[in-house]
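*Asks:* Provided below are the primary sequence and the corresponding predicted coordinates.
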Amino acid sequence: MLLRQIEKFLRETGMPWTKFGRLAAHDPRFVEDLRNGREPRAATAERITRFMNTYRHDGASLENHHA
């Protein structure tokens, strides 16, 4: 479920849910809407998943360069 993946991502990164919504969906209320039952379109869910994977990958790359 997308919301569970997002909640895990938010815990792991410490990113505020409003910032996540702005960056991933261009909607600061995106996570709140999901929490209230909103079902995203398939293309939106794919874009959100891609954002999380890219963010994790880029963050890991940056951490490895600074080590």
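*Replies:* That came through fine. Treat the numbers as computed from the prediction; the structure is a model and nothing was measured. Numbers count the residues shown, from 1 in each chain.

*Asks:* show me where the chain has helices.
*Replies:* For the chain, the helices defined by DSSP state H cover 2-13, 17-20, 30-35, 42-66.

*Asks:* Using CSV, please lay out the ones you listed together with mean neighbour count.
*Replies:* From N, CA and C alone the C-beta is placed, and that goes for glycine too. Formatted as CSV, the helices of the chain follow (neighbours: other C-beta atoms under 10 Å):
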stretch, mean neighbour count
helix 2-13, 14
helix 17-20, 16
helix 30-35, 18
helix 42-66, 12
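
*Asks:* Mind putting those into a markdown table with mean pLDDT?
*Replies:* Shown next, in a markdown table, are the helices of the chain (pLDDT from 0 to 100):
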| stretch | mean pLDDT |
| --- | --- |
| helix 2-13 | 97 |
| helix 17-20 | 98 |
| helix 30-35 | 98 |
| helix 42-66 | 80 |
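
*Asks:* What distance do you get for the closest residue to residue 12 other than its chain neighbours to residue 50?
*Replies:* Nearest non-adjacent residue to residue 12, counting by C-beta to C-beta, 6 or more residues apart in numbering: residue 56, 7.9 Å away. Relative to residue 50, residue 56 is positioned 11 Å away (C-beta to C-beta, to the nearest Å).

*Asks:* What residues does residue 32 make contact with?
*Replies:* By C-beta atoms under 8 Å, 6 or more residues apart in numbering, the contact set of residue 32 is 17, 21.

*Asks:* got a list of what the residue nearest to residue 12 touches?
*Replies:* By C-beta under 8 Å, 6+ apart, the residues touching residue 56 are 9, 12, 13.

*Asks:* In a markdown table, list these along with distance to residue 38.
*Replies:* Listed next are the contacts of residue 56 as a markdown table, based on distance: C-beta to C-beta, whole Å:
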| residue | distance to residue 38 |
| --- | --- |
| 9 | 17 |
| 12 | 22 |
| 13 | 22 |
